[in-house]
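1. Return a 3D structure for these sequence lines:
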Amino acid sequence: MHSLDDRITLRNGVTMPGLGLGVWRVPDGEPVIHSVLNGLEAGYRMIDTAERYHNERGVGEAIRRSGIARDQLFITSKLWNDDQGYESTLRAYDTSLKKLGLDYLDLYLIHWPITGVYQESWKAMVKLYQEGRVRAIGVSNFHPHHIESLKEVSDVVPFVDQVELHPLLSQEPLRQYCKQQGIQIEGYSPLGTGTVLDNPVIVKIASQYDKTPAQIILRWAIQNDIIVIPRSTQKAHIESNAAIFDFTLSASDIAAIDAINQNKRNNTDPDTV
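-> Have a look, this model is predicted:
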């Protein structure tokens, strides 16, 4: 990626922005509306929401207020745990569309691999995809063994795996697996929910490039072919997070950031959910 407008091509030919705006824990109504509008005004064209975030209505309202053509946007939502299962997945998709006020999603993800039901959920996701109701389908918080089990019920392999990913949890084995499978890796909480911003290695590199620690981390992700969806409700931070295309980290700096990995999760391990 060389600009905020650049897109990454998924295995099925659908193109997806490499940098988007996440809205986890942003309250519905005016807070999420303003966050999304600020993102769209700053040039973001991908918004990542979920049923669990309880703000799909606000995201939809912001899209309508923006006046941006639907085909210029990439909208993601996710199937929550309580809605998993074949028929309930189909109903949940319709509910999300209704809340968003949209005719289709660009990407629909299974939020977590809930044992005993996520395979049935995947079969329903495949049905939605094959009927042309969603442009791409994928998973979130899935380990390789979860994805392998999906192959038992469908020939369709996820196009995206969205997981917690930041310098303290670099997910290198999962990234290599996804690359081999043609699955695009996408990182949520790319700033480690703030836990990485004061890391001495990050701070030192940021000073060398005259950039913020957040910009260094996001640039590290982009150069590692990781799609990222940083969350912010502040206009200045939203704009700053997008200003990462006027510099390039050196190979030695990338390696230095790679080396601080601690396999440290801030969220739940998918195997224990």
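2. Identify the residues contacting the nearest residue to Y93 once chain neighbours are set aside.
-> Distance criterion C-beta to C-beta, 6 or more residues apart in numbering; nearest residue to Y93, sequence neighbours excluded, is L128 at 5.8 Å. Yep, even glycine has a C-beta here, placed from its N, CA and C like the rest. Residues near L128 by C-beta atoms under 8 Å, 6 or more residues apart in numbering: 90, 93, 108, 134, 137.
3. in the helix or strand where L128 lies, what's buried?
-> L128 is located in helix 118-130, with elements delineated by DSSP states H and E. For helix 118-130, burial by neighbour count (16 or more other C-beta atoms under 10 Å) applies to 118-129.
4. Run the chain-centre distance for the following helix or strand past it.
-> Using DSSP H and E, the helix or strand that directly follows helix 118-130 along the chain is strand 137-140. Centre-to-centre, strand 137-140 and its host chain are 10 Å apart (C-alpha atoms, centre = their mean, to the nearest Å).
5. Mind giving me the packing neighbours of strand 137-140?
-> Contacts defined by 3 or more C-beta pairs under 8 Å, 6 or more residues apart in numbering; DSSP states H and E place strand 137-140 against strand 107-110, helix 118-130, helix 144-150, strand 160-164.
6. chain center to the third one: distance?
-> To tie it back to what came earlier, the one meant is helix 144-150. Centre to centre, stretch against its chain (C-alpha atoms, centre = their mean), the figure for helix 144-150 is 19 Å.
7. And the second one, by the same measure?
-> Using C-alpha atoms, centre = their mean, the distance from the centre of helix 118-130 to the centre of the chain it belongs to is 19 Å.
8. Show me what the longest helix anywhere in the chain is packed up against.
-> Scanning the chain for the helix with the most residues, using DSSP state H, yields helix 86-100. Identification of packing neighbours for helix 86-100 by 3+ C-beta pairs under 8 Å, 6+ apart yields helix 56-66, strand 74-79, helix 118-130.
9. and the angle for it with helix 118-130?
-> 50 degrees (axes from the mean of the first three to the mean of the last three C-alpha atoms, to 10 degrees).
10. Go through helix 86-100 and flag the buried ones.
-> Neighbour-count burial for helix 86-100 [16+ other C-beta under 10 Å]: 88-90, 92-93, 96-97, 99-100.
11. What ranges does the stretch 151-273 of the chain have for its helices?
-> 172-181, 200-209, 213-223, 235-242, 251-258 (DSSP state H, counting those that start in this stretch).
12. I'd like to know which of the ones you listed lies nearest to V273.
-> helix 172-181 (15.8 Å; C-beta to C-beta).
13. where does Q208 land on pLDDT?
-> The per-residue pLDDT reported for Q208 equals 98.
14. what's near enough to touch V117?
-> Contacts of V117 by C-beta under 8 Å, 6+ apart are 84-85.
15. From I47, how far out is it?
-> Distance, V117 to I47, by C-beta to C-beta, to the nearest Å: 27 Å.
16. With adjacent residues omitted, what lies nearest to E120?
-> Per C-beta to C-beta, 6+ apart, closest to E120 is Y86, 4.5 Å.
17. for the one you found, what are its contacts?
-> Contacts of Y86 (C-beta under 8 Å, 6+ apart): 120-121, 123-124.
18. let's go with 10 Å and repeat that
-> 117, 119-125, 127 (C-beta atoms under 10 Å, 6 or more residues apart in numbering).
19. got it, and R45?
-> Here R45 is in contact with 4-5, 7, 16-17, 19-21, 39, 68, 72-75 (C-beta under 10 Å, 6+ apart).
20. could you redo the last one with a cut-off of 6 Å?
-> Contacts for R45 (C-beta atoms under 6 Å, 6 or more residues apart in numbering) come out as 17, 73.
21. Then the one 3 residues further on?
-> Residues near D48 by C-beta under 6 Å, 6+ apart: 20, 22, 76, 229.
22. before we move on, what about E61?
-> By C-beta under 6 Å, 6+ apart, E61 lies in contact with I33.
23. what does D161 give?
-> Taking C-beta under 6 Å, 6+ apart as the test, what D161 contacts is 139, 142, 178, 183, 185.
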